Each structure stands twice: as C-alpha cells, then as structure tokens.
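Peer 1: output the structure for:
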Amino acid sequence: ANQVRKDFGLALTRGPLFAIISRLVHQKGVDLAIDTAETIISHGGQLVVTGQGEPRFEEAVKSLARRHRGMVGARIGFCAKEARRMFAGSDFLLMPSRFEPCGLSQMYAQKFGALPIAHRTGGLADTIEDGQTGFLFTTPTANNLNVAIRRAFDAYTSSRRFTSMRRAAMARSFGWDVSARRYDEVYR
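Peer 2: I've put the predicted structure just below:
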C-alpha cells in the first residue's frame, strides 16, 4: 500500500486505500465514485484512480486530485504493471458500474486481497458475496455507494473481520474447473 501511495504522491497514513482501475465512462459509474470521494477522505481514507475515457470524467478525476492533494491521486491512461500494484496495494476497489455483463477487475482485486465495492449487477453480483468477499449495493446512486463505503470502513476497523474477508476473497476460485464440473454434471 505504501508503494502505491508513494507512486501517486499520497501521504503515508494508516487509513484504508481505495482504488478505481477502470475506463472512465458513464457505464462504469465513475461519476458516482467521484461523488463519494468526500466520504472516503472525511473518514480517513485515500483514493487512487487510473484509467482513461470520456474527457469530462478525466477532467473531474484530475480536478479531484488537485483539490485533495495527498489524499487523492490520479493518472489518466493505463499501465498494466501499475494496475497490478494498485490491486495488490489497495484495501478496496470501487466498481459502481451501472451494468457489467462479466467484469474482471473484481476478480483480480479479490485474488490480491482488495475487497470490491460494487453495484449488484451482472457479473459483479455473480462473483462478489456481500459482506464476505466484498460489498454490494442495489440501485446505482452515490448515496447507495456511500452506504457501502461506510460498511467497508466498519469492516476495516475490525482487523479480525477485515482479515477474514480478505482471506475469503483470496480463496475464491474463478477458474474453468468449477464451470467444467457443472457442465459435466448437466450432460451426465
């Protein structure tokens, strides 16, 4: 986490680190995540963002980072190596997608022990167990995302619960072996 903070010019703190690793487009709910940054900061958390997309969202992310130096860091663009460091160094991944047929980032995050906070839709609902391997919310609004973020802070303050959730997330299996067994059972 400290390496990610250093890479993004953030202060070294004990608070949780939230990440957005996404295309910066309406579908991904980036506007909702931007609207909840104040909640993250006011509760002692920090936010790092990487991605590119619609110019209005790129500018909003850059503006957020300028207003909250040391607490919010942003990079417009995408670097796979940096994204991996963010998955590994973050405590939470924000994925408030309005729709997400599958989604991969939530699975990457869980494997690295970062708990996804996501809208209960499509593949996100299929791969995140609410309160066990991440946090889900219904109806994509900033208010509902804020409620989920506060739940994440509550989990973070209980090291036993947070550690248990991270372990459960890291133990998830998304390989084809599970699906293949199910198909085999159906065909039999």
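
Peer 1: C-alpha from now on. contacts and neighbour counts both.
Peer 2: OK.

Peer 1: report the separation between Ala109 and Tyr183.
Peer 2: To Tyr183, Ala109 is 27 Å away according to CA to CA, to the nearest Å.

Peer 1: residue nearest the centroid of this structure?
Peer 2: Closest residue to the average C-alpha location of the chain: Leu93 at 1.2 Å, with CA atoms, centre = their mean.

Peer 1: what's next to the host helix or strand of that residue, contact-wise?
Peer 2: Assigned by DSSP states H and E, Leu93 belongs to strand 92-95. Contacts to strand 92-95, defined as CA atoms under 8 Å, 6 or more residues apart in numbering, come from residues 16-21, 28-29, 33, 87, 106, 109, 114-119, 152.

Peer 1: mind exporting it as PDB, just the C-alpha atoms?
Peer 2: What follows is strand 92-95, C-alpha atoms only, in PDB (Å, rounded to 0.1, in the frame of the first residue of the first chain):
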ATOM      1  CA  PHE A  92     -10.900  -1.700  -1.500                       C
ATOM      2  CA  LEU A  93     -11.800  -1.400  -5.200                       C
ATOM      3  CA  LEU A  94     -14.600   0.800  -6.300                       C
ATOM      4  CA  MET A  95     -16.800  -0.700  -9.100                       C
END
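
Peer 1: neighbouring contacts of stretch 69-80?
Peer 2: For stretch 69-80, contacts defined as CA under 8 Å, 6+ apart pick out 8-11, 41, 45-52, 58, 61-62, 64-65.

Peer 1: quick check: buried residues in it?
Peer 2: Gly70, Met71, Val72, Gly73, Ala74, Arg75, Ile76 (16 or more other CA atoms under 10 Å).
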